[in-house]
Every structure is written in C-alpha cells, then in structure tokens.
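[1] build me a model from this:
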Amino acid sequence: MSSDVPFILHRGGCHCGAVRFEVEAPAAIDALECNCSICRATGFLHLIVPRARFRLLAGEGALREYRFLTGTAQHLFCSTCGVKSFYVPRSNPDGYSVNARCLDPRTVASLTVRQFDDGDREAAEARIRNLSAF
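    Numbering: from 1, shown residues only. As a prediction, this is how the structure comes out:
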C-alpha cells in the first residue's frame, strides 16, 4: 500500500453488534482471501493493518480466543454470535487482520480481493509481511 493513499475511518463489528471496532484504512479496500482451512470455513477476507490503526470500541469481554497449529495467530470470536470480525494473524503478529466483510458498507468505496496461497505459505507471507508496518 502506498503511503500517499489517504486513510479514512471505517467502523465494523460482529453480527450481533456486541463487538465493535474502528480501523483506519483506504476507502478502496485491498483484501486477501486465504485458502487455509479456517479462512475457507469462515469466509474471512483479510484487511491487515498496524495495531495503531485499529481500535476496539466495544465487546472486549464478549471475545473468545482460539489458537491452533503454531499458536501464533490469536483468533478472536464473539461469544454471542460466533463471528470473527478481526484477529491477530500469524503472518503479521504486530498488527490486526480485519474481516472486510464485517466493515460497515457505507465507508467502503470498493473491494478488491487478491488470493493468498496457504499451500505456499512462506512465499505468501513474505509478500504481505509489510502490511502491518507503518
């Protein structure tokens, strides 16, 4: 992402509204679709941002955590509706991955989806490692 792209404030959350967040990102979202088992099962579209561009507004107590394999990724789900609207990804543990499908649509000008191949995770991660940096 180019540093000259202006950021706007997006808001979003889980299905029931218990978890709400805001994230600074471009109006034109560039998201990743991963083909790993959990992303395929949940339909997650990744918008990866630095920690400083993400704020949890409500629902910290409603979040439940799930970790598997390496235990690095911190998958966070709403305990009421089960939706994973954001989490700490293994590829970018210094940032957050927001589910672009959980953003309030009024601020999203466009959504471009690129593929992330978990079958070649090392190369795919190397291409996106910079997304959580400023």
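[2] those helices in this protein, which residues are they?
    Shown for the chain, the helices assigned by DSSP state H span residues 37-42, 121-128.
[3] which strands or helices does the last one pack on?
    In this structure, helix 121-128 packs against no helix or strand, with contacts taken as 3 or more Cβ pairs under 8 Å, 6 or more residues apart in numbering; DSSP states H and E. C-betas here are computed from N, CA, C, even on glycine.
[4] who touches that helix?
    32, 48, 90-92, 116-118 (Cβ atoms under 8 Å, 6 or more residues apart in numbering).
[5] do the first one as well
    Residues external to helix 37-42 that are found in contact with it (Cβ under 8 Å, 6+ apart): 33-34, 44, 46, 68, 75, 84, 99, 118.
[6] check which residues of that helix are buried.
    Buried residues in helix 37-42, counted by 16 or more other Cβ atoms under 10 Å: 38-39.
[7] same question, the last one
    Buried positions in helix 121-128, judged by neighbour count with 16+ other Cβ under 10 Å: 124, 128.
[8] pLDDT below threshold where in this protein?
    1-4, 132, 134 (pLDDT under 70).
[9] which residues does Val108 contact?
    Here Val108 is in contact with 10, 27, 29, 100 (criterion: Cβ under 8 Å, 6+ apart).
[10] export the helices of the chain to CSV and tack on distance to Leu56?
    What follows is these, written out as CSV (distance: least, Cβ to Cβ, whole Å):
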stretch, distance to Leu56
helix 37-42, 19
helix 121-128, 23
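[11] out of those, flag the one nearest Asp104.
    Each of these was scored for nearness to Asp104 using Cβ to Cβ, and the closest is helix 37-42 (19.1 Å).
[12] so how far is that closest one from its chain's centroid?
    13 Å (Cα atoms, centre = their mean, to the nearest Å).
[13] now do stretch 11-22
    Stretch 11-22 sits 13 Å away from the centroid of its parent chain (Cα atoms, centre = their mean).
[14] cool, and stretch 41-61?
    With Cα atoms, centre = their mean as the basis, stretch 41-61 stands 5 Å off its chain's centre.
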